[in-house]
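**Q** return a 3D structure for these sequence lines:
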Amino acid sequence: MGNIVKIPEDFSDDKKFIETRRRYFEKYGTNDHEINLEIGKIEGLSDKELKILDGKRSRKNEETLNSNSYDRKICAYCDQRVAPNGVVGIKERLEDAKIRYKDKPLSVWSNEEKANYLIKCSLGIEKQIFQYCNLKPENINDESIEMYTKKSKEYNMEIEQ
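**A** All right, here's what the predicted structure looks like:
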């Protein structure tokens, strides 16, 4: 949900979208991570779940790599594999982040050395996770998860009715 503040103001002419985005700014501010945590609290996430949500940030990849929590590793890894247009490889996704956020002074991605180190950490997290899996990272893509996204959409439609 926090990504709504990352979307450019001229992204849509839809009045409902524009109003929702404005309300998010007023209620939660402009930090996407803080918005996610606040919504998590509102939705009743436990302290453990909020800690996992907080730990998934790419800026915390070194801490996640060194953590014993596979909940945290998997959450971070999954989050970092999702690009604006679908699921991509972790290196591709984070190299894209370097480009997209390079001109944002407060972003870790604006520092080439730090960004490269975070990518190295994310590849380490990937290696840690997949040592216990029967599939390979390249087997996770839009096509392989299509069944799950369809089920998720069906579930959301059931909730709305």
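**Q** okay, the most centrally placed residue in the chain: pLDDT?
**A** When the chain is reduced to its mean C-alpha position, the closest residue under CA atoms, centre = their mean turns out to be residue 79, at 3.4 Å. The per-residue pLDDT reported for residue 79 equals 92.
**Q** now it. Its backbone dihedrals?
**A** Comment: the main-chain dihedrals of residue 79 come out as phi -60, psi -40, following degrees, to the nearest 10.
**Q** and it, what does it touch?
**A** For residue 79, the set of contacting residues under the criterion of CB atoms under 8 Å, 6 or more residues apart in numbering consists of residue 56. C-beta here means a position set from N, CA and C on the backbone, and glycine is covered the same way.
**Q** do you know how far it is from residue 26?
**A** According to CB to CB, to the nearest Å, residue 79 and residue 26 sit 26 Å apart.
**Q** which outside residues touch the host helix or strand of residue 146?
**A** Here residue 146 is covered by helix 142-160, with elements defined by DSSP states H and E. Identification of contacts with helix 142-160 by CB under 8 Å, 6+ apart yields 86-87.
**Q** wait, what's in contact with the nearest residue to residue 73 once chain neighbours are set aside?
**A** Nearest non-adjacent residue to residue 73, counting by CB to CB, 6 or more residues apart in numbering: residue 125, 5.2 Å away. Listed by CB under 8 Å, 6+ apart, the contact partners of residue 125 are 61, 64-65, 73, 76-77.
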